[in-house]
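**Student:** sequence and computational prediction follow.
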Amino acid sequence: MAKNLLIVESPAKAKTIGQYLGKDFQVLSSYGHVRDLPKSEMGIDIKNGFEAKYLIPDDSKKTIKELSSALKGKNLWLATDYDREGEAIAWHLVEALKPSKEPKRIVFTEITKPAIKKAVTKPRKIDQMLVEAQQARRILDRLVGYSLSPFLWDKITRGLSAGRVQSVAVRLVCEREEEIKKFKKEEFWKVKAQLEKKNQKPEFWADLVKKNNKPIDKLEIKNKKQADKLKLDLEKAKWIVSNIEEKEDLRYPSPPFITSTLQQAASTKHGYGAKRTMRIAQGLYEGVNIGSSKRIGLITYMRTDSISVSEIAIKKARTVIEKVYGKEFLPDKPRFYKTRKKSAQEAHEAIRPTKPELTPEKLHQYLNPDQYKLYSLIWKRFIASQMKEAKVKVSTIEIDVLIYGFLARDEEAIFGGYLKAWDKNIESKNTLPDLKIKDLLNLIKLNTIQGFTQPPARYTEASLIKALEQLEIGRPSTYAPTMDTIQYRGYIKREGAYLVPTDVAFAVIKLLLKEFDEVVDYKFTAQLEKDLDKIADGEQTRKKVLNEFWQPFSKDLKTAEKSIKKEDFQEKTGKKCPECGKPLITKFGRFGKFQACSGYPKCKYSEPLIDADDKKEEKEIKEQIDEKCEKCGSKMILKDGKFGQFLACSKYPKCKFTKAILKKTGDKCPECKKGEVIEKKTKKGRIFWGCSNYPKCKWASWTKPGENNKESGSENNEKNNKNN
């Protein structure tokens, strides 16, 4: 009979660890947190030092009963995750189970037999400072959420929420959208020359880069008239080689992944959202069956902000590099990466494979497609980080013509180095002929290319996480939940890969900036993160940090409750209610803005709000409203739903026919050339674009037509010129 009970958070983790510890250990799962703050109230005794009122949720009571029964006569071991959240879960388990003997806490960054066996030989006590830091974060979030959310419900609309990190994330997205709206594009023209040395191939292309020996401004050539005049002058001039340079450039590998960079890479390469990435990584960490009965954790702990790697892992990586790629790809000395971020927990490691010798190819048959893609990404990044740098020959030719300077540039890989593992090739972009200084060149063709300046790009999940990380807001464990929350709460919607703020988001951020500026202040939020780190290090107390936040915040809340009215967020539309004649006003609802009668609740008339600025879309919607119901022939009406506006039969509920609104782009389907590209939505509300002739034509794309190419058609044609 087992003498020890070891508890982890998940059944998968329990199953993997259980096979390593033998008969002396019984390994069970707590299924996550076993205690939490109550949902029906704040649960924080503010007057008594911010003491938290923890309860065992109903869905955890059975688990606690089973764990208590299993613990009888055994020693308690706790092997929850290696971070503040894991430490807090261990503490909550002790508080709920009340063991007779002092429990033993073990930690590890990988679930492999050597790591588990080693951890058992070095048990420790629960780190109360880490628990205090986690409690401080939980209480802070509860104070903000349970104070601001009811306020937002009362002043704007029901169903809203606010939080320290989520509100800052929404602010970033809103501010980027404002930048895009205010942006005014400017015209500019580029000049490219196709040249050759007399009777010598190959021909090559050069770009206009200088004027009077100074870098030319991007907006120097403002219109076609200026471009045509310059073209005329250059066509008559002499083209002379003024300088030739060849140099060797070294390209160094990036360090292994941390949580944020893994989420960014998975988004860029595979289109995975942060939540999906972490779910897949969790499975790889907790263990996968790779044989008849062999189960192993394939990657190290995936919530980390440290790029450090153990010496043992580096030695294993070097062995794999020599075996798989050859000795020439191995640097003379191992590469050691040091985290520059002060708040990073150096005791943690970067995300890496636990057994580098298990290449993606060897594991392919045991992994599902998502696991294989993510494991491949992690394995390649780690192996590449320990390989030799790539060597590239960079050749440049400078050409003088009148007062202008043109530049031709080419890159050629001398030695691929780490790029061999990272699946990235350096392709020669512009093969150059053998030239000498003062050589005369023949002009074959001179192209003037129209372009326009572009607004900053909207955030994707990956770029928003990167922005939060740069501002030092949030931690590895918070990025994915934050991305999920701001979309679930209706602040942000996705259009393809891009994050777009809703009307409600703008209203909430405007209110928070006016009345609770510290809640959405970047520096203040980052400082709170540092204060939490200080609590974990024993340099600060939980009570002091919470009190310093709560005192000014609670005063602002009392002031705002008196000064802000719901009417402040309602605008007059200039229209009359068709039922009672009173003015129509805008209101916020579950699905955004709508028009409603100011006589509510006596008059309950409402209708969707169509953006008057978008005349084309308004016309298309009206044309579709004029259609008759395909089932009963009655009039169709416009309604709002979870995923936006749709058409429904006016005879509902007798007739339940509905029809999606076609949002046309004006572009022909690139595949069948007959249908039109229209905006569509998945069942989860994610926007994509497809052919109107579906199912005859099944063309679809996550990217809006023209979104990848922000330049003008003339430049696009130039890019497609095979001679360029």
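**Tutor:** Received the coordinates, thanks. Every value quoted in this text rests on a predicted model; they were computed, and no experiment measured them.

**Student:** just for the stretch 151-300 of the chain, where's the confidence low?
**Tutor:** Within the stretch 151-300 of the chain, the ranges that satisfy pLDDT under 70 run 292-293.

**Student:** at 90 what do you get?
**Tutor:** Residue ranges of the stretch 151-300 of the chain with pLDDT under 90: 153-164, 198-202, 268, 271, 290-295.

**Student:** show me where it has helices.
**Tutor:** Listed in chain order, the helices of the stretch 151-300 of the chain (DSSP state H, counting those that start in this stretch) span 164-182, 224-235, 259-270, 274-286.

**Student:** for the longest one, packing partners?
**Tutor:** So that's helix 164-182. helix 128-155, helix 461-470, helix 479-488, strand 498-501, helix 503-515, helix 522-536 (3 or more C-beta pairs under 8 Å, 6 or more residues apart in numbering; DSSP states H and E). Glycine gets a C-beta too; all of them are placed from N, C-alpha and C.

**Student:** tell me the contacts of the residue nearest to Thr259 when sequence neighbours are not counted?
**Tutor:** Residue nearest to Thr259 in three dimensions, not counting chain neighbours: Pro476, with 3.5 Å by C-beta to C-beta, 6 or more residues apart in numbering. Pro476 makes contacts with Asp83, Ile258, Thr259, Ser260, Arg303, Thr304, Asp305, as judged by C-beta atoms under 8 Å, 6 or more residues apart in numbering.

**Student:** possible to save those as JSON lines with neighbour count?
**Tutor:** Formatted as JSON lines, these follow (neighbours: other C-beta atoms under 10 Å):
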{"residue": "Asp83", "neighbour count": "20"}
{"residue": "Ile258", "neighbour count": "23"}
{"residue": "Thr259", "neighbour count": "28"}
{"residue": "Ser260", "neighbour count": "21"}
{"residue": "Arg303", "neighbour count": "25"}
{"residue": "Thr304", "neighbour count": "28"}
{"residue": "Asp305", "neighbour count": "20"}
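
**Student:** farthest pair in those?
**Tutor:** Largest separation among those by C-beta to C-beta: Asp83 and Ser260, giving 14.7 Å.

**Student:** which ones among the contacts of Pro476 are found in strands?
**Tutor:** Residues of these located in strands (DSSP state E): none.

**Student:** pull the CA atoms of stretch 175-185 into PDB?
**Tutor:** Provided in PDB are the C-alpha atoms of stretch 175-185 (Å, rounded to 0.1, in the frame of the first residue of the first chain):
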ATOM      1  CA  GLU A 175      -5.900  53.800 -29.500                       C
ATOM      2  CA  ARG A 176      -4.600  52.000 -32.500                       C
ATOM      3  CA  GLU A 177      -8.000  52.200 -34.200                       C
ATOM      4  CA  GLU A 178      -8.100  55.900 -33.500                       C
ATOM      5  CA  GLU A 179      -4.700  56.300 -35.200                       C
ATOM      6  CA  ILE A 180      -6.000  54.500 -38.200                       C
ATOM      7  CA  LYS A 181      -9.100  56.600 -38.400                       C
ATOM      8  CA  LYS A 182      -7.100  59.900 -38.100                       C
ATOM      9  CA  PHE A 183      -4.500  58.800 -40.600                       C
ATOM     10  CA  LYS A 184      -4.300  60.700 -43.900                       C
ATOM     11  CA  LYS A 185      -2.600  58.900 -46.700                       C
END
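
**Student:** any buried residues in that stretch, and which?
**Tutor:** Judged by neighbour count (16 or more other C-beta atoms under 10 Å), stretch 175-185 contains these buried residues: Arg176, Glu177.

**Student:** run through who's touching that stretch.
**Tutor:** The contact list for stretch 175-185, computed with C-beta under 8 Å, 6+ apart, reads Phe452, Thr453, Gln454, Pro455, Pro456, Arg458, Tyr459, Val500, Pro501.

**Student:** of those residues, closest to Leu28?
**Tutor:** Closest approach between the contacts of stretch 175-185 and Leu28, by C-beta to C-beta: Tyr459, at 41.8 Å.

**Student:** quickly list the domain ranges of the protein.
**Tutor:** Listed domain ranges for the chain are 4-126, 136-183+457-566, 187-252+390-452, 259-385, 662-724 (source: automatic domain parsing).

**Student:** among those, which is nearest Gln595?
**Tutor:** Closest among those, once you apply C-beta to C-beta, is domain 136-183+457-566, at 12.6 Å.

**Student:** circling back: any chance of the helices and strands packed on helix 164-182 in a markdown table, with mean neighbour count too?
**Tutor:** Shown next, in a markdown table, are the helices and strands packed on helix 164-182 (neighbours: other C-beta under 10 Å):
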| stretch | mean neighbour count |
| --- | --- |
| helix 128-155 | 20 |
| helix 461-470 | 21 |
| helix 479-488 | 21 |
| strand 498-501 | 22 |
| helix 503-515 | 20 |
| helix 522-536 | 18 |
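
**Student:** give me the secondary structure label for Trp91.
**Tutor:** Under DSSP: H, G, I helix; E, B strand; the rest coil, Trp91 falls in the helix class.

**Student:** give me every residue that touches the closest residue to Thr112 other than its chain neighbours.
**Tutor:** Residue nearest to Thr112 in three dimensions, not counting chain neighbours: Thr354, with 5.0 Å by C-beta to C-beta, 6+ apart. Contacts for Thr354 were tallied using C-beta under 8 Å, 6+ apart; they are Glu110, Ile111, Thr112, Ala115, Ile296, Gly297, Leu298, Ile299, Thr300.

**Student:** not counting sequence-adjacent ones, nearest residue to Ser606?
**Tutor:** Computed as C-beta to C-beta, 6+ apart, the closest residue to Ser606 that is not its neighbour in sequence is Ala596, at 4.2 Å.

**Student:** secondary structure element for the one you found?
**Tutor:** According to DSSP states H and E, Ala596 maps onto strand 592-597.

**Student:** average pLDDT across that strand?
**Tutor:** Averaged over strand 592-597, pLDDT sits at 84.

**Student:** please save the CA atoms from that strand in PDB.
**Tutor:** What follows is strand 592-597, C-alpha atoms only, in PDB (Å, rounded to 0.1, in the frame of the first residue of the first chain):
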ATOM      1  CA  GLY A 592     -23.200  47.100 -29.600                       C
ATOM      2  CA  LYS A 593     -25.000  50.300 -30.400                       C
ATOM      3  CA  PHE A 594     -28.700  50.500 -31.400                       C
ATOM      4  CA  GLN A 595     -31.400  53.100 -31.700                       C
ATOM      5  CA  ALA A 596     -34.300  53.100 -29.200                       C
ATOM      6  CA  CYS A 597     -37.100  55.400 -28.200                       C
END
